[in-house]
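K.L.:
Fold the following and give me the result.
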Amino acid sequence: MSPPQGRDDVPSTLARSDEKAQETYAQTRDAVAERSEDAGRAARTAWAAVKHTHEKVGDHWEPKPGGATGPSDAQAEGGVGTGRATAGGVDANASKAHLADVARRLDVPGRSSMTKEELVEGIRAVSDRQTREAREDER
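P.N.:
Got it, this is the predicted structure:
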């Protein structure tokens, strides 16, 4: 069994996020690690838990609006082995109005004429870029 790692050892996007996101990840990962030698499974389960309460916005995770909970995309709805597309932490199940607001905050180009699916992809692209840049700055 793997030893508990705690909140000091969370991925960088979570380190830039609120305490609740960090605790959710660390506690879930450690609970699964206590029952399994599979560190990958523990991390995947922990990410799934975070994605039920938070969404990726830029280089960090924010609580879903209004305390909403639930899967963020088709992959999270189906679980491991479904082969469905993932939105990379973007809450693809959020309303188009919410996604448009997040896209505005992130200054996603062309957002005013995008469909809901295009907003999800635009937010994901900007969030991925901001995460890469933040990680480069940390080095």
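
K.L.:
Helices along this structure, start to end?
P.N.:
12-15, 19-35, 39-53, 74-78, 96-106, 116-138 (DSSP state H).

K.L.:
and these, which one's lowest on average pLDDT?
P.N.:
Taking the average pLDDT of each of these, the minimum falls on helix 74-78, with a mean of 75.

K.L.:
Could you list every helix and strand that it packs against?
P.N.:
Helices and strands touching helix 74-78, by 3 or more Cβ pairs under 8 Å, 6 or more residues apart in numbering; DSSP states H and E, are helix 39-53. The way it works is simple: take the backbone N, C-alpha and C, and place the C-beta from them, glycine included.

K.L.:
Next, the angle from the helix it packs on to helix 19-35.
P.N.:
Helix 39-53 runs at 150 degrees relative to helix 19-35, counting by axes from the mean of the first three to the mean of the last three Cα atoms, to 10 degrees.

K.L.:
for helix 39-53, which positions count as buried?
P.N.:
Within helix 39-53, the residues scored as buried using 16 or more other Cβ atoms under 10 Å are 42-43, 45-51, 53.

K.L.:
starting at the chain centroid, how far to that helix?
P.N.:
9 Å (Cα atoms, centre = their mean, to the nearest Å).

K.L.:
now do stretch 126-133
P.N.:
With Cα atoms, centre = their mean, you get 13 Å for stretch 126-133.

K.L.:
hmm, back to that, now tabulate the helices of the chain in CSV and tack on distance to Gly88.
P.N.:
Rendered in CSV, the data for those read as follows (distance: least, Cβ to Cβ, whole Å):
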stretch, distance to Gly88
helix 12-15, 11
helix 19-35, 15
helix 39-53, 10
helix 74-78, 10
helix 96-106, 13
helix 116-138, 5
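
K.L.:
between those helices, which one is nearest to His60?
P.N.:
His60 lies closest to helix 12-15 among these, at 5.8 Å (Cβ to Cβ).

K.L.:
CA atoms only: put that closest one into PDB for me.
P.N.:
C-alpha atoms of helix 12-15 as PDB (Å, rounded to 0.1, in the frame of the first residue of the first chain):
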ATOM      1  CA  SER A  12       0.500  22.300  -9.900                       C
ATOM      2  CA  THR A  13      -2.900  23.400 -11.200                       C
ATOM      3  CA  LEU A  14      -4.400  22.300  -7.800                       C
ATOM      4  CA  ALA A  15      -1.600  24.100  -5.900                       C
END
